[in-house]
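Chemist: Sequence and predicted structure are below.
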Amino acid sequence: MSETRDRAANTPTRSRDGKGTTLQGRKGTDVPPGMRGDVTVADRVVAKIAGMAAREIPEIHNLGGGMARAFGAVRDRVPGSGGDVTQGVSVEVGERQTAVDLDVVVEYGASIADITRDARANVVNAVERMTGLEVVEVNIAVDDVHLPDEEEESGQGERRVA
């Protein structure tokens, strides 16, 4: 009963540099100043916006699959390296449209249907408002459930002796 979509058919071709999408403006003196020229939005920008929007949902404990979270925990321990907000986020960006995939860990006891609905709405609103791109889909994979008594990965192994 579910409808599958061919992303390639929904997402226009990428700009020539492959690093983002170009929103085509118009050229000429008869065009209002705010409409002249092109805007290029990098894939990483869309991924960061989507990652931040997903993390705003309180019942989402973390983003990323098991290995991504493990590498993220190691990366977070390196001095000077900030957390990667794109962990667990992948995007396909075309000229006018984008598709987002999220890997999430949810809090135990929360409704997964409600969490995913809220996350989708938040991601769509944030990406469309900030970039002007149409979000054609937000696919969410729930990889794990965080239990209240589970230790955080970052808290393990800090000090064994006083």
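Modeler: Done, it's in.
Chemist: which phi and psi does the spatially closest residue to K48 that is not a sequence neighbour have?
Modeler: Once flanking residues are discounted, K48 sits nearest to V85: 5.2 Å by Cβ to Cβ, 6 or more residues apart in numbering. Placement of C-beta: from N, CA and C, glycine included. Dihedral pair for V85: phi -70, psi -10, per degrees, to the nearest 10.
Chemist: before we move on, what about T86?
Modeler: phi -90, psi 0.
Chemist: That one contacts V45, doesn't it?
Modeler: No - assessed by Cβ atoms under 8 Å, T86 is found out of contact with V45, at 9.9 Å.
Chemist: What residues does the closest residue to G64 other than its chain neighbours make contact with?
Modeler: Distances taken as Cβ to Cβ, 6+ apart place G88 nearest to G64, at 3.4 Å, with adjacent residues excluded. Each residue near G88 by Cβ atoms under 8 Å, 6 or more residues apart in numbering is listed here: G51, A54, N62, L63, G64, G65, A68, R69, L102, D103, V104.
Chemist: For the longest helix belonging to the chain, the averaged confidence score.
Modeler: What stands out as the longest helix in the chain, according to DSSP state H, is helix 112-131. For helix 112-131, mean pLDDT rounds to 97.
Chemist: what sits up against stretch 52-69?
Modeler: So stretch 52-69 is in contact with 51, 72, 85, 87-89, 102-107, 110, 114-115, 118-119, 122-123, 125-127, 141, 143-144, 146, 153, going by Cβ under 8 Å, 6+ apart.
Chemist: For ChimeraX, what selects the buried ones among those residues?
Modeler: Applied in ChimeraX, the following selects the buried portion of these according to 16 or more other Cβ atoms under 10 Å:
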select :51,72,85,87,88,89,102,103,104,105,106,107,110,115,118,119,122,123,126,127,143,144
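Chemist: After the longest helix of the chain, which helix or strand is next?
Modeler: strand 134-146 (DSSP states H and E).
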